[in-house]
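Visitor: Kindly generate the corresponding structure for this input.
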Amino acid sequence: MTTRALEAYVRHKKPRVAVIDLHGEINGFAEETLNNAYAEAETEQPDVILLNFANVDYINSTGIALIVTLLAKARKSHVRLYSCGLSEHYVEIFNITRLADFMSVFPDEASALADPAIATEGK
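Guide: The predicted structure is shown next:
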């Protein structure tokens, strides 16, 4: 089985919301890509950073640890971290690991951006 290196693209949506579109696999090789994308997302000082997992093929335990690291960064800088586009399997993993207790999990980007909490961020 071939692995697909992680690619991440940052978009700024709505006032004060950054979306990081993730493509590929989140594993130990993804650390630099994730950190660079997160740093780019922070440049416009968003209230919310949304991790879009719709095009993620695989997340291993190291990848989960990298996501926890992003969550710690977000909490330190008072940014809310959201996630969307996770498969049923990874929603279950986020629940088991309790990541879902600390970041909102949405089925897709549209539902995440429609969350009433985003509309009240920064007010």
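Visitor: Does Leu71 touch Leu81 like I think?
Guide: Yes. Using CB atoms under 8 Å, Leu71 is in contact with Leu81, at 5.5 Å. Heads up, the C-betas are built off the backbone N, CA and C, glycines and all.
Visitor: Quick check: neighbours shared by these two?
Guide: Phe102, Met103 (CB atoms under 8 Å, 6 or more residues apart in numbering).
Visitor: Compare the two (neighbour count), which wins?
Guide: Neighbour comparison, Leu71 and Leu81: the larger count goes to Leu81, with 21 against 17 (by other CB atoms under 10 Å).
Visitor: Sticking with the more buried one, tell me its helix or strand.
Guide: Assessed by DSSP states H and E, Leu81 sits inside strand 80-84.
Visitor: Tell me which other helices or strands that strand touches.
Guide: strand 48-59, helix 61-76, strand 104-106, helix 109-113 (3 or more CB pairs under 8 Å, 6 or more residues apart in numbering; DSSP states H and E).
Visitor: tell me the most buried of these?
Guide: Sort those by mean neighbour count, taking mean count of other CB atoms under 10 Å, and strand 48-59 sits at the top with a mean of 21.
Visitor: wait, Ile67 sits on Arg98?
Guide: No. Contact between Ile67 and Arg98 fails when scored by CB under 8 Å: they sit 12.0 Å apart.
Visitor: Any idea what the residue nearest the centre of the chain is bridged to?
Guide: Among the residues of the chain, Leu51 comes closest to the average C-alpha position under CA atoms, centre = their mean, at 2.2 Å. Counting by DSSP bridges, Leu51 forms beta bridges with Ile20, Ser83.
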